[in-house]
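> what follows is a protein structure lacking sequence information:
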């Protein structure tokens, strides 16, 4: 990653030796960005000095760099998109996008990348756009260090901060995304990496995968979104070291997995989410070294979840650790730490001598009658849970951790 | 009334039971804080204990204190004092001494822990307030039961039964009801039922503080409206205050009609 | 002045007082209220103090209907039959407390000295013997100078020396012109001290008059014999329709000294 950037910078420098720099400013010979782009040749740099430029739609169709100095503002006047990139090897940096158009018919974006390879969009600011950055049919691009801020109020009338559709090998790194429908939306996007982003306060999801395979996301923070991350109809997604925090409210999840296969989920922290992970039709998934703390439900597993394997995870002070709604399953729990575990370790091997059964009777009751949540943590419910623990009748026998850890893993 | 209260408090603060009660909370809270250190976790653990124990102890204290001071009450009745003031004074004295034990027993370890600069201050204060209000309500009801039953054994039995009802049986009945009629919309009913049990009310107040409101909102719109807003907090608190008035009113009615 | 008109009281279905009419108006008079167990002596006294709420009838003290009132009790000093105090208070704290509650001038020092309570002042009441507790009780009753003095079984648990002091005290209070009501089972005390006798039987006033009038009426030489005569006559001529239950309202908490 670093090396790639370095190569790119070197390339820029080499090109800069031969390329010319076209400066745009209020007192310069060239005062219009559009004019500058028209005059530029492949390899040239258009340098825009600070100021406000109201020029409507700008189209970049050659291999140039557009570099803002002190964040010049491109003001779209609220009608159309602001910048469309329709060429390979384009760099856009240091710009501020305002007043991009909104439409209920077309997905208008502040910055659109169309059929481009080797593009780089970095260190820009985008305010109150319908879609922030829209990538379509493109590959090998980087989107990094951007701030995309919106003020969306309704899901139906808002777009996504970063939206990618039919793309490959994208790097979406260290962006700040807030106030849109989804922070990052990836549809048919493969072999891509999403890292170090902060996605918070978005209406729907912090990050959303649809029909995307072989991607990874790590070290991101998803906070206060409708739900943290949704991974749907996707395969081989690697999810590591993310923080899913305070995705809190009616039907809010830290992570929603729906119809996905062969994923790895490791080293993530799920704190204060209504539901830590919600699984529906999730198959062949490994969960290791994740922390689930202070969630309403740590895990909710509904129908069609096969081969989910949990080991070395920490379940600490969640209201309910586990809800399993399917009778048949072959999911396993082994060597996790459960703060609820009340067993003992007489042989001192670090694991409890009696298995832990994370599904409580109250989970079952809640399933039958959701209103009984008013009895949460009442003495009577504690008594019920206790008696069920001693002689299980209603809760699935097979959901149990045979070697629960005595100490937390993390 | 204040004078009676003062002397009752004075009397009780010298009783070894008050110290025992205080010491229990002190040791228990200190141990929890020492073992866990996470305020929210400690508050939840303490909640389970306080919601059960403080009504139980208040009930037993209330009944016992009344029966023990039965003759002394006669001495007071012969003095130029209002009847209601004598009984209110004694009741408030009992409730206050329990509250002091609770306040200090829990407060001292938390103060040393540095709760006043920690994040969980609101949770801690709600818990403390709940414990104190429950002490008042249950010692009041116990006092009322004792006042209405001259037979000590009967009074004691009834008081314990009353505690058992609110602490355990009531929730069991609610659960049965919710499961039997689960095909009907019961959101408002289940919330309404909680209003009639001070222990449930206190529990919900703490759960609201612990941010569990969103979790409860998971079930439906009425819950969300009730629990997600200030209204839930205010309504629960208001109902709890009504519960406070009930024993005070009952004591007054019984005291005015009673022969000694 | 105490006026009682048509006073009725029943505990449940059991009538205790059935139309009492009495008037105590002469100052400096000691009236002994006598009667067998269950005749309603204690109930009558407690009605005067407002501890028992009458079913029917009127009680006036110094011209004020006492029902629902409490200020009038400042006019009455009362010695209960038995007294138990909060165990954790000391004697001096108890006295200070009653003084604090009543807010009237009190001469407690004199009685502490008289009954020899000084060594016990800092002791907790729970640790005192019954006799010492009764002395504390007497101190509390006598330390005020109220126009009405009501004593319920004052001689319980008193040693001879204290008894002597007690008799002196009664005479002294009488000299001050107080209305004094005493219930007792010790007839020698009645004979020696009482001016008048009220004899209650089955919740009614059977006799109210001077001691000599009582003896005369029964043609007996002593009060003890006179009373025995009344009870015998009653047994002979008017056998009880049903056995009169011996009932004292606070039975569970007081013990009873039988005649």
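Perfect, thanks for sending it. Model, not experiment: these values are computed from the prediction. Residues are numbered from 1 along each chain as shown, chains lettered A, B, ... in the order given.
> who's in contact with the closest residue to chain C within chain A?
Of all residues in chain A, the one sitting closest to chain C is residue A:379 (33.1 Å; C-beta to the nearest C-beta). From N, CA and C alone the C-beta is placed, and that goes for glycine too. In this structure, residue A:379 makes contact with B:48, B:51-52, B:167-168, B:171, B:199, judged by C-beta atoms under 8 Å, 6 or more residues apart in numbering or on different chains.
> in contact with the residue in chain C that chain A sits nearest to, which residues?
Residue of chain C nearest chain A, by C-beta to the nearest C-beta: residue C:88 (33.1 Å). By C-beta under 8 Å, 6+ apart, the contact set of residue C:88 is B:11-12, B:14-15, C:124-126.
> so which of those wins on neighbours?
Per-residue neighbour counts (other C-beta atoms under 10 Å in any protein chain shown) across those peak at residue B:11, which has 26 neighbours.
> ok, for that residue, nearest residue in space, not its chain neighbours?
Nearest non-adjacent residue to residue B:11, counting by C-beta to C-beta, 6 or more residues apart in numbering or on different chains: residue C:86, 4.3 Å away.
> was I right about that neighbour contacting residue B:71?
No: at 9.8 Å, residue C:86 does not count as touching residue B:71 under the criterion of C-beta atoms under 8 Å.
> more neighbours: these two, which one.
Just comparing residue C:86 and residue B:71: by other C-beta under 10 Å the higher neighbour count belongs to residue C:86, 24 against 19.
> got a list of what the more buried one touches?
The contact partners of residue C:86, by C-beta under 8 Å, 6+ apart, come to B:7, B:11, B:69, B:72, C:94, C:125.
> residue boundaries of the helices in the chain?
Answering for chain A, as no chain was given. Along chain A, counting by DSSP state H, helices occupy A:2-18, A:33-39, A:361-368, A:379-390.
> switch to chain B, please.
B:2-12, B:16-35, B:39-68, B:70-77, B:83-113, B:121-148, B:152-164, B:170-180, B:187-195, B:198-209, B:213-217, B:221-227, B:230-257.
> hey, least reliable of those helices by pLDDT?
Among the helices of chain B, helix B:213-217 has the lowest mean pLDDT, at a mean of 63.
> same list (the contacts of residue C:86) but as TSV, adding distance to residue C:106.
Output for the contacts of residue C:86, formatted as TSV (distance: C-beta to C-beta, whole Å):
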residue	distance to residue C:106
B:7	17
B:11	21
B:69	23
B:72	19
C:94	12
C:125	18
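> quick check: of those, which lies closest to residue B:98?
residue B:11 (13.4 Å; C-beta to C-beta).
> ok, that closest one to residue A:270 distance?
Going from residue B:11 to residue A:270 by C-beta to C-beta, to the nearest Å gives 53 Å.
> go on, residue A:357?
From residue A:357 to residue A:270 the distance is 21 Å (C-beta to C-beta).
> for residue A:314, give me its contacts.
A:290-293, A:336-337, A:408-410.
> one more pass at 6 Å, please.
Contact analysis of residue A:314 by C-beta atoms under 6 Å, 6 or more residues apart in numbering or on different chains lists A:291, A:337, A:408-410.
> worst mean pLDDT among the helices of chain A?
Within those, the stretch with the lowest mean pLDDT is helix A:2-18, showing a mean of 67.
> so what's the residue count around residue 120?
With no chain named, the answer covers chain A. Neighbour number of residue A:120 under other C-beta under 10 Å is 20.
> not quite, go with chain C.
Neighbours of residue C:120 (other C-beta under 10 Å): 21.
> mind checking pLDDT for the closest residue to the residue of chain C closest to chain A other than its chain neighbours?
The shortest distance from residue C:88 to any non-neighbouring residue, by C-beta to C-beta, 6+ apart, is to residue B:14 (4.1 Å). Listed pLDDT for residue B:14 reads 81.
> any idea how far residue B:14 lies from chain A?
Distance, residue B:14 to chain A, using C-beta to the nearest C-beta, to the nearest Å: 32 Å.
> same check on residue B:38?
Taking C-beta to the nearest C-beta as the measure, residue B:38 falls 7 Å from chain A.
> on that earlier part again, which of residue A:357 and residue A:270 has more neighbours?
Remark: of residue A:357 and residue A:270, residue A:270 carries more neighbours, 31 against 23, as counted by other C-beta under 10 Å.
> on that earlier part again, torsion angles phi and psi at the residue of chain C closest to chain A?
Main-chain torsions, residue C:88, degrees, to the nearest 10: phi -90, psi 0.
> fine by me, thanks again.
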